[in-house]
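okay, sequence plus prediction incoming.
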Amino acid sequence: MVIAVGSWDLSLPECRSLKEKRRVVKSLKERLQHRFRVSVAETRHQDVWTRAELTVAVVTTDRGLADSILDKLDRFVERDGRAIILHMERSFR
């Protein structure tokens, strides 16, 4: 069994309040969960309206498959357009 964890440090330049930020983050989390069947949480910057960190967890039987899923998640977040990826980290267990 392979557990892959990916985290994105995001800039949210269009958000002007915590309410706007929470709407964007909630939408992105729900779309990731629904489309890719992964666990997603906001893990940092909860009280800063122009930043967020999202972390996903993927459990699979193959590291190559886990890496492929994280690649797809990267592209999905990049294409969303509401957030700019400042940094991305991956780890495997």
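Thanks, I have it. Predicted model only: the values in this text are computed from it and were never measured. Numbers count the residues shown, from 1 in each chain.

so the residue nearest the centre of the chain bridges to which residues?
With distances taken as C-alpha atoms, centre = their mean, residue 54 lies nearest the centre of the chain, 4.0 Å away. Residue 54 has these beta-bridge partners by DSSP bridges: residue 8, residue 42.

from now on call the first residue 722
Noted, 722 is the first residue going forward, which turns the last one into residue 775.

who's the closest spatial neighbour of residue 791, skipping the chain neighbours?
In this structure, residue 791 finds its nearest non-sequential neighbour in residue 727, 4.7 Å apart by C-beta to C-beta, 6 or more residues apart in numbering. Every residue, glycine included, has its C-beta placed from N, CA and C.

which parts of the strand or helix carrying the one you found are buried?
According to DSSP states H and E, residue 727 maps onto strand 723-732. Buried residues in strand 723-732, counted by 16 or more other C-beta atoms under 10 Å: 725, 726, 727, 728, 729, 730, 731.

which two from those residues end up farthest apart in space?
725 and 731 (18.9 Å; C-beta to C-beta).

quick one: the strands in this protein?
For the chain, the strands defined by DSSP state E cover 723-732, 760-765, 772-781, 805-813.

out of those strands, nearest to residue 738?
Using C-beta to C-beta, the strands of the chain put strand 772-781 closest to residue 738, at 13.4 Å.

next, the contact list for the nearest residue to residue 769 once chain neighbours are set aside, please.
Nearest residue to residue 769, sequence neighbours excluded (C-beta to C-beta, 6+ apart): residue 742, at 8.0 Å. Counting by C-beta atoms under 8 Å, 6 or more residues apart in numbering, residue 742 touches 733, 736, 769, 770, 771, 773.

from those, which single one is nearest residue 755?
Lowest distance from residue 755 to the contacts of residue 742 (C-beta to C-beta) belongs to residue 773, with 18.6 Å.

okay, the closest one and residue 760: tell me how far apart.
According to C-beta to C-beta, to the nearest Å, residue 773 and residue 760 sit 16 Å apart.

of these two, who's got more company?
Applying other C-beta atoms under 10 Å to residue 773 and residue 760 shows that residue 773 carries more neighbours, namely 24 against 13.

let's see the pLDDT reported for the more buried one.
Residue 773 is assigned 97 on the pLDDT scale.
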